[in-house]
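Asker: dropping a prediction and its sequence here:
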2 protein chains.
Amino acid sequence: METMMATETDQGAQTAPFSVPLPISDMLCFAVYSLSHAFNRTYKPLLDHLGLTYPQYLVLLALWQHKVMTVKQIGEQLGLDSGTLSPLLKRLDSAGLVSRTRDRKDERQVNIALTEKGEALQADVGDVQMAIGDAIGCSTDEARSLRIVLEALTQKLSQPEPSEAADAV
Amino acid sequence: METMMATETDQGAQTAPFSVPLPISDMLCFAVYSLSHAFNRTYKPLLDHLGLTYPQYLVLLALWQHKVMTVKQIGEQLGLDSGTLSPLLKRLDSAGLVSRTRDRKDERQVNIALTEKGEALQADVGDVQMAIGDAIGCSTDEARSLRIVLEALTQKLSQPEPSEAADAV
DNA sequence: CACAATTAAATTGTTCTCAACTGAATTTTG
DNA sequence: CAAAATTCAGTTGAGAACAATTTAATTGTG
């Protein structure tokens, strides 16, 4: 018995909660915030299966490309600082997916490298990527153009605020 | 000298880190993840000034509209569960911004209401909203259409996966 | 060379997020 | 009405995120 789902405590699917007088900036930010959570909820069961969290998955994506990176390099790619990465990398180390070794040339740096197990895991992520692709369910072109808009906005927000009235960029 | 900004430990502004073979779904998700962080970094100094975090600000936005809400209602609007909200509301209570009282009719529920101080705070958020509007720096129409796209995607991701091949929605 | 400034990583403390569980209250059913 | 199921809020534990600080190593400058 019990086809009784209620599997997900039914959060998500909120669409514009503050109906009345909110400025569009607040609504846009909330839309991003909600979408980010929705992505997380979508990735989570897939990544759970691999024993990974989403930020851990991002670190591995970076390492599958570069093989070896310093903590700083990873932080620059993902926009994270050592306060986030140090414990995260320690967990990936504990899981046997990466190694952490001080650089001989510059002992301040720590080189993060994939272990065999970490490299091998790449073979398993195809399913995850397929599932996410399905879940998004929009065309590649749509997804790409949306991505470009989001990246442009990210960059605009990351600028040291040229205030307005700056020359057209 | 020192036009050398690097003001912000220079995180943010990352634009497509995984250059080579990533599926668009991964890149789109990462773009959302990055933008969400960028929004947070933009809001943070503004909200710090009011002694609020972004999720706390969202709760207050909801309460300024509805005056009184149960924990569950707030959770439904924001997509958060009691594990997140209970301690958050306790902090807003400690800060003197909301009150928490068991409902007489249904003692399972807790009614969250604004205090005078909480209501008064609404007068101060105009500056925050103005600053965010400036930071986004795109037209109201652009922001609105982007918001609509994001909300649609959020909803798609929050569906119980009708797999593909479902009838056109 | 010595001292100062800078850089890299780690640590600490606060908050957010969610899963899983607990406890109390309400509703449903037999 | 009594037992079972459900609902609501809270707690616990793990992980993420960031500010601020600490420690060690490197670079710069006198």
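Answerer: Thanks, I have it.
Asker: C-alpha only now, for contacts and for neighbours.
Answerer: Noted.
Asker: which strands and helices sit next to the helix or strand that contains residue A:129?
Answerer: Using DSSP states H and E, residue A:129 sits within helix A:125-136. For helix A:125-136, the packing partners by 3 or more C-alpha pairs under 8 Å, 6 or more residues apart in numbering or on different chains; DSSP states H and E come out as helix A:24-48, helix B:24-48, helix B:140-158.
Asker: any idea of the mean pLDDT in the shortest one?
Answerer: Same thing as helix B:140-158. Mean pLDDT, computed over helix B:140-158, is 92.
Asker: show me what that helix is packed against.
Answerer: helix A:24-48, helix A:125-136.
Asker: how much space separates residue A:137 from residue B:154?
Answerer: Residue A:137 sits 12 Å away from residue B:154, taking C-alpha to C-alpha, to the nearest Å as the criterion.
Asker: which one of the two is surrounded by more residues?
Answerer: The neighbour comparison of residue A:137 against residue B:154 (other C-alpha atoms under 10 Å in any protein chain shown) goes to residue B:154, with 25 against 17.
Asker: mind listing what the nearest residue to that one once chain neighbours are set aside touches?
Answerer: Excluding the flanking residues, the one nearest residue B:154 by C-alpha to C-alpha, 6 or more residues apart in numbering or on different chains is residue A:35, at 4.9 Å. Residue A:35 is in contact with B:32, B:150, B:151, B:153, B:154, counting by C-alpha atoms under 8 Å, 6 or more residues apart in numbering or on different chains.
Asker: what pLDDT does the nearest residue to residue A:144 once chain neighbours are set aside get?
Answerer: Of all residues not flanking residue A:144 in the chain, residue B:24 sits nearest, at 6.7 Å (C-alpha to C-alpha, 6+ apart). The model reports residue B:24 with a pLDDT of 87.
Asker: now do residue B:24 against residue A:139, distance only.
Answerer: The value you get for residue B:24 to residue A:139, if C-alpha to C-alpha is used, is 10 Å.
Asker: looking at these two, which has the bigger crowd around it?
Answerer: Set residue B:24 next to residue A:139 and count neighbours by other C-alpha under 10 Å: residue B:24 wins out with 20 against 10.
Asker: the more buried one and residue A:138, how far apart?
Answerer: For residue B:24, the distance to residue A:138 - C-alpha to C-alpha - is 11 Å.
Asker: is stretch A:78-88 up against chain B anywhere?
Answerer: Yes: for a cut-off given as C-alpha under 8 Å from any C-alpha of the partner chain, stretch A:78-88 has contacts with chain B, namely A:78, A:79, A:80.
Asker: in that stretch, what's buried?
Answerer: Judged by neighbour count (16 or more other C-alpha atoms under 10 Å in any protein chain shown), stretch A:78-88 contains these buried residues: A:78, A:79, A:80, A:85, A:88.
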